[in-house]
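In: Give me a model of this one.
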Amino acid sequence: MKPVLENPFYYLDNFHQVLAWIGERYGDLLDADERAFIDVFPTLPQNARALFVRMVMRKGLLFRASKLSYDEIGCSRAAAGALAQQGWIAADPELTLDELFELLQKPELCQVFGLGGALRAARKADQLAALRENHQEARPFSAWWPDGDDAVYRVLAKPLCDRLRLIFFGNYHQDWTEFVLSDLGVYRFEKVDFGPAARAFRSRRDIDEYLRLHACRERFGAGEAPLAVLADVPPASGDNEWLRGRRHKLLFQMGQQLEKLRDWPGALAVYADCAWPGARARTIRVLEKDEQYGPAWELLARAQAAPESEAERQQLLRIGPRLARRLGHPGGAPRKRPAIDRLDLELPLPAPGWWVEGVVRDHLAQDGAPVFYVENTLINSLFGLLCWDAIFAAVPGAFFHPFHHGPADLHSADFGQRRAERFAACFARLDDGSWRDAIRATRAAKHGISSPFVYWDGLDDTLLALALDCIPPEHLKVSFQRILADVKENRTGFPDLIRFWPQERRYQMIEVKGPGDRLQDNQLRWIDYCAQHRMPVTVCYLQWQA
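Out: Take a look at the predicted model:
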């Protein structure tokens, strides 16, 4: 049975909560329309307010009165009057033919246009194509269907409400359903003690810049030419690192698209203004493709002297020998990779429903040596449980509303540095022997609360007990340090399986590769790191028996 909320106006109460929160924390940043909306909305009749929120929470801007049927609201036409008076919706709006076809069902369209014969039986899309030439002008709904007994409303204040949603959440990917899912217990969020001054935007310029960047991202995502969009990308913000990060990410994506189009000058121009991780390596690659080997070599040398990350170092090691050959430079000694254990298996093709990692897991599992499919879940979860207090520390700019799945600065380069003392205290538990109790206590106290690291469904009692008994704390420590060094890159790439020998209190990580599969870059980096720190890792190559 689906959970049900007792209060039928739960969504309206949540909307009021957002407006009150914004009015209290962002009042000095609001424009005249936003302030007027927040002041007037609570004064409207309850049914009008509820209807408005219902429409705002649904997709689209056009709604038929007959489809707005809610017991707690009653007659939608009566409720809509107050909204139309405020100018927040338009009653009987002008509709294009395409909009009319979106609203009406096929039998209704046949009635409106008196369709008969073959056209009556045609597909809706074919009917639209046949009628479009003679119905190119928009007209009110009542003019399209004078004999109809329905009404249509267009929500005019949706952009304003979207701005308010942005101001509250600090992003556009969260919406009003966060409240509902939280009320139903689907999502649970950590309660972070952040002060009244904590907010996503510090100035109206921040809000406007976000909106401009979002519009550019939408245009780029819709397929508009990157250089056309680039002309409208706002300049870098001087004092908002978070907004600068969004800008650099968009530029990086545009540079990648220009590379696909083989527009080397365009890609270089975009990357020159981009500080997103990987942009420098992409610049070297584009210079190489554009046969500018000298500049590419110079930039390569500067990057090799101070790589920004393990990922960049890995890319430079690939590019360097190619450029050296192009320029006639000595190639240098090949890099010595740590020795990695290899396991080759040849197994019969299983019955339908198999998956490669599951086949290897079941083949290797023994009574005294269970094997689990964990991939990125286990080590991340142990890190998240041990370091819970550090991750959810209310440092400035990390939390500014009650629905954070994780800190807003999680992928920032200084994420760990800003919490250095807190993470050091967590890691110290791995040295003093208290880490097992700390992890168990956090799991019991926080179970089910959203975390960017903890996979609750993938960490049962058996797996947790084996991991705490069989993985040495020094191995956990170096793993956690690597995650913290670059959260965005290092949360993925872990080996697929883990095997435990409980009697011997030891373990083995196993990366599985099926026929034709190869190790990905992030997997190679984790495997190399494990080998360097003497953590037991094996790559298993599976082939099917003929």
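
In: Could you use CA atoms for every contact and neighbour count after this?
Out: OK.

In: for this structure, which residue is closest to the average position?
Out: A centroid search over the chain (C-alpha atoms, centre = their mean) returns H173, at 7.7 Å, as the residue closest to the centre.

In: what mean pLDDT does the longest helix anywhere in the chain have?
Out: Determined from DSSP state H, the single longest helix within the chain is helix 241-260. What helix 241-260 shows for mean pLDDT is 93.

In: I'd like to know which elements it is packed against.
Out: helix 204-221, helix 226-230, helix 264-272 (3 or more C-alpha pairs under 8 Å, 6 or more residues apart in numbering; DSSP states H and E).

In: What lies in contact with that helix?
Out: The contact list for helix 241-260, computed with C-alpha atoms under 8 Å, 6 or more residues apart in numbering, reads 206, 209-210, 213, 217, 220, 226, 230, 233, 236-237, 264, 266-268, 270-271, 273-276, 279, 286, 409.

In: and what of stretch 214-222?
Out: 226, 229-230, 232-233, 250, 254.

In: just the CA coordinates of stretch 365-383, formatted as PDB?
Out: Extracted C-alpha coordinates of stretch 365-383, given in PDB (Å, rounded to 0.1, in the frame of the first residue of the first chain):
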ATOM      1  CA  ALA A 365      32.600 -18.200  -3.700                       C
ATOM      2  CA  GLN A 366      33.300 -21.000  -1.100                       C
ATOM      3  CA  ASP A 367      31.900 -21.900   2.300                       C
ATOM      4  CA  GLY A 368      34.900 -20.400   4.000                       C
ATOM      5  CA  ALA A 369      35.500 -17.600   1.600                       C
ATOM      6  CA  PRO A 370      32.300 -15.600   0.600                       C
ATOM      7  CA  VAL A 371      32.400 -13.200  -2.300                       C
ATOM      8  CA  PHE A 372      30.300 -10.100  -2.700                       C
ATOM      9  CA  TYR A 373      29.600  -7.800  -5.600                       C
ATOM     10  CA  VAL A 374      30.400  -4.300  -4.200                       C
ATOM     11  CA  GLU A 375      32.000  -2.200  -6.900                       C
ATOM     12  CA  ASN A 376      31.800   1.500  -5.700                       C
ATOM     13  CA  THR A 377      29.500   0.800  -2.700                       C
ATOM     14  CA  LEU A 378      31.600  -0.700   0.100                       C
ATOM     15  CA  ILE A 379      34.600   1.500   0.500                       C
ATOM     16  CA  ASN A 380      32.600   4.700  -0.100                       C
ATOM     17  CA  SER A 381      30.100   3.600   2.500                       C
ATOM     18  CA  LEU A 382      32.700   2.900   5.100                       C
ATOM     19  CA  PHE A 383      34.300   6.300   4.400                       C
END
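
In: Name the residues of it that are buried.
Out: Of the residues in stretch 365-383, 370-383 count as buried by neighbour count, 16 or more other C-alpha atoms under 10 Å.

In: Buried residues, the helix or strand bottoming out on mean pLDDT in the chain. List them.
Out: Across the helices and strands of the chain, mean pLDDT, DSSP states H and E gives its lowest value to helix 177-183, namely a mean of 80. Residues 178-180, 183 are the ones in helix 177-183 that count as buried (16+ other C-alpha under 10 Å).

In: What is the nearest of those to L364?
Out: Of all the buried residues of helix 177-183, E178 has the smallest distance to L364: 42.2 Å, by C-alpha to C-alpha.

In: I'd say that closest one and H404 touch.
Out: No: using C-alpha atoms under 8 Å, E178 is not in contact with H404; the gap is 9.8 Å.

In: picking up where we left off before, is the residue nearest to the centre of the chain part of a helix or strand, or is it coil?
Out: Under DSSP: H, G, I helix; E, B strand; the rest coil, H173 falls in the coil class.

In: Which pLDDT value goes with it?
Out: 89.

In: what do you get for R337?
Out: pLDDT, read off for R337, is 71.

In: Low-confidence stretches in the chain?
Out: The chain contains residues with pLDDT under 70 at 1-5, 238, 332-335.

In: redo that, cut-off 50
Out: Applying pLDDT under 50 to the chain flags residues 1-2.

In: the residue most distant from the middle of it, which is it?
Out: Relative to the chain centroid, the chain (C-alpha atoms, centre = their mean) has G117 farthest, 49.9 Å.

In: Please tell me how far that residue sits from N14.
Out: 51 Å (C-alpha to C-alpha, to the nearest Å).

In: buried sites along stretch 7-26?
Out: 9, 11-12, 14-16, 18-19, 21-23, 25-26.

In: Keeping just the C-alphas, turn it into PDB.
Out: Provided in PDB are the C-alpha atoms of stretch 7-26 (Å, rounded to 0.1, in the frame of the first residue of the first chain):
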ATOM      1  CA  ASN A   7      -3.100  16.600   5.500                       C
ATOM      2  CA  PRO A   8      -4.700  17.000   2.000                       C
ATOM      3  CA  PHE A   9      -3.100  20.500   1.700                       C
ATOM      4  CA  TYR A  10       0.400  19.200   2.500                       C
ATOM      5  CA  TYR A  11       1.700  20.600  -0.800                       C
ATOM      6  CA  LEU A  12       0.300  24.000  -0.100                       C
ATOM      7  CA  ASP A  13       1.900  24.000   3.400                       C
ATOM      8  CA  ASN A  14       5.200  23.100   1.800                       C
ATOM      9  CA  PHE A  15       4.900  26.000  -0.700                       C
ATOM     10  CA  HIS A  16       4.200  28.400   2.100                       C
ATOM     11  CA  GLN A  17       7.300  27.100   3.900                       C
ATOM     12  CA  VAL A  18       9.400  27.900   0.900                       C
ATOM     13  CA  LEU A  19       8.000  31.400   0.500                       C
ATOM     14  CA  ALA A  20       8.500  32.100   4.200                       C
ATOM     15  CA  TRP A  21      12.100  30.800   4.100                       C
ATOM     16  CA  ILE A  22      12.900  32.900   1.000                       C
ATOM     17  CA  GLY A  23      11.300  36.000   2.500                       C
ATOM     18  CA  GLU A  24      13.300  35.600   5.700                       C
ATOM     19  CA  ARG A  25      16.700  34.800   4.200                       C
ATOM     20  CA  TYR A  26      16.700  36.400   0.700                       C
END
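
In: How about residues contacting it?
Out: Looking at stretch 7-26 with C-alpha under 8 Å, 6+ apart, the contacting residues turn out to be 35, 38, 42, 49-50, 53-54, 72, 164-165, 167-168, 179-180, 196-197, 199.

In: Likewise for stretch 44-62?
Out: Identification of contacts with stretch 44-62 by C-alpha under 8 Å, 6+ apart yields 9, 11-12, 15, 41-42, 63, 68, 72-74, 76, 79-83, 103, 152-156, 158, 161, 176.

In: check contacts around the residue farthest from the centre of the chain.
Out: Contacts of G117 by C-alpha under 8 Å, 6+ apart: none found.

In: just the buried members of the contacts of stretch 7-26?
Out: 35, 38, 49-50, 53, 164-165, 167-168, 179-180, 199.

In: Now the two most distant members of these.
Out: Using C-alpha to C-alpha, the buried ones among the contacts of stretch 7-26 span at most 27.3 Å, a distance reached by A50 and R199.

In: on that earlier part again, measure the residue farthest from the centre of the chain to A301 for me?
Out: Look at G117 and A301: by C-alpha to C-alpha, they are 74 Å apart.

In: Please, where are all the strands along the protein?
Out: For the chain, the strands defined by DSSP state E occupy 62-64, 89-91, 94-95, 139-140, 152-155, 341-347, 371-373, 497-501, 506-513, 537-544.

In: So what touches the fourth one?
Out: Contacts with strand 139-140, where a contact means C-alpha under 8 Å, 6+ apart, come from 92-96.

In: if we can go back for a sec, and the contacts of stretch 214-222, which are buried?
Out: Applying 16+ other C-alpha under 10 Å to the contacts of stretch 214-222 flags 226, 229-230, 233, 250, 254 as buried.
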